[in-house]
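> Generate coordinates for the sequence data below:
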Amino acid sequence: MKGILNREKCLSHLRDEELIKTMTQLLNRWERAFYRKIREITDFYDPYTREVGEGILSGLSGMSFLAFGGFPEAERKRLAIFPEGDKVGTKDFNLSFLQAEGNFKFQKVNHRDFLGSLLGLGIERAKIGDIIVEDYGCQVVLDQDIASYVIMNWDKVNCVSVKVREISPEDVRVPQAKKKEIKSTVASPRLDAVSGTGFGLSRSKTLLDIKSGKVQVNWKTIIDPAYQIKAGDKISYRGKGRIIVDGISGPTQKGRYFIYISRYL
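Predicted coordinates:
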C-alpha cells in the first residue's frame, strides 16, 4: 500500500496556493478514507474547486466519490469519499437547512449581506453552502455541526432582526433565475470587452477590475483582460453580479463579433 498516493503528481498542475492547500486537504481525506475504509466528507466547494477536486479523485483508484449540496441545482457542494461498493445517500452529507426571516420591507439586502452576517459569527465560508435569498429573508444550506450555533446566535442582518429555524430539505425553494437578454457586438471576445458589455461598464473600468482579481470565469479568478471568452462561459463580477455568454458568432465583414448574453438580475 505504501506510496499509493503520489501527492506531488496529483498537485503538479496547480499554481494557485489557496487551491493547492484545499486540494492537499482533499488528499488527506482521501488517504484517511482509503486506509481506514471509512467515509469522508469535504467542506463546501464552489464549482471550479469541485471540478479540480473531482479531476484529482478520478485519477485515484480504490475509492468512489459523490457531490451533493442539498438540492440538485445547488452551486456549492460537498464531496463524499467512500470505499467502492458502499452506498452513500443525501443524508450522509452532514447538512442542515435553515430559514432566516425578518421584515426587510424597508431594508433592501442581498446575498452578500446574508453571507456577511454569517461570517460575522466567526463561521468559515467553507462550512456554508448555497444561500437562497427571498423577500422575507433567506434559506441557507450549511454544515450540520454548526447549525445549533447559528440558530442561537444569528439574530441580525444589517439592521434587521431575524428569526432562524431549521427546515427540512423538502422545504427548500429553489428560485427561478431572472435574466436580462443582451445582444451586442465587440471587437474581440476578450474578457474585458465581454464583461464591459454584459455589465454595462467601460472597458477601462473592467480592465482595471480584472487585473485587481474582481472577475471570475467559471468560478476561477482571471487577471488577464485578453482572456478569450467562449460560449457557455459564466462570468462573475464582484459587486456587479453574474452573466452567462449564451453564444458568440463572427467575425463579421467588419471584423466584429456578435455576443449573446444573459445577465442575472
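> check contacts around the most centrally placed residue in the chain.
Central residue of the chain (C-alpha atoms, centre = their mean): Asp46, 3.1 Å from the mean position. By C-beta atoms under 8 Å, 6 or more residues apart in numbering, Asp46 lies in contact with 75-76, 219. The way it works is simple: take the backbone N, C-alpha and C, and place the C-beta from them, glycine included.
> for Leu207, same thing?
Neighbours of Leu207 in contact, by C-beta under 8 Å, 6+ apart: 192, 225.
> Of all the residues in the strand or helix carrying Arg263, which ones are buried?
Following DSSP states H and E, one finds Arg263 within strand 257-264. Neighbour-count burial for strand 257-264, with 16 or more other C-beta atoms under 10 Å as criterion, is recorded at 257, 259, 261-263.
> Of these, which pair is most distant in space?
The most widely separated members of the buried residues of strand 257-264, counting by C-beta to C-beta, are Tyr257 and Arg263 (17.9 Å).
> what about the strands in the stretch 1-150 of the chain?
Counting by DSSP state E, counting those that start in this stretch, the stretch 1-150 of the chain has strands at residues 40-41, 63-68, 78-83, 95-101, 128-134, 137-143.
> Can you list the buried residues in the fifth one?
This points to strand 128-134. Within strand 128-134, the residues that count as buried by 16+ other C-beta under 10 Å are 128-133.
> Just the mean pLDDT for stretch 159-171, thanks.
If you average the pLDDT over stretch 159-171, you get 96.
> buried set for it?
Using 16+ other C-beta under 10 Å as the test for burial, stretch 159-171 gives 160, 162, 164.
> Columns distance to Ile229 and secondary structure on top of those residues, output as CSV?
As requested, the buried residues of stretch 159-171 are arranged in CSV below (distance: C-beta to C-beta, whole Å; DSSP: H, G, I helix; E, B strand; the rest coil):
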residue, distance to Ile229, secondary structure
Val160, 38, strand
Val162, 39, coil
Val164, 40, strand
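> Which one of those is nearest to Lys178?
Closest approach to Lys178 among the buried residues of stretch 159-171 (C-beta to C-beta): Val160, at 22.8 Å.
> ok, the closest one - contacts?
Applying C-beta under 8 Å, 6+ apart to Val160 gives the contacts 102-104, 107, 109.
> repeat for Asp209
215, 237-238.
> PyMOL command to pick out the buried ones of these?
Listed next is the PyMOL selection for buried residues among the contacts of Asp209, using 16+ other C-beta under 10 Å:
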select buried, resi 215+237
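> Just checking, which of the contacts of Asp209 comes out lowest on pLDDT?
Lowest pLDDT among the contacts of Asp209: Arg238, 90.
> Which residue is the nearest non-sequential neighbour of it?
Lys214 (4.2 Å; C-beta to C-beta, 6 or more residues apart in numbering).
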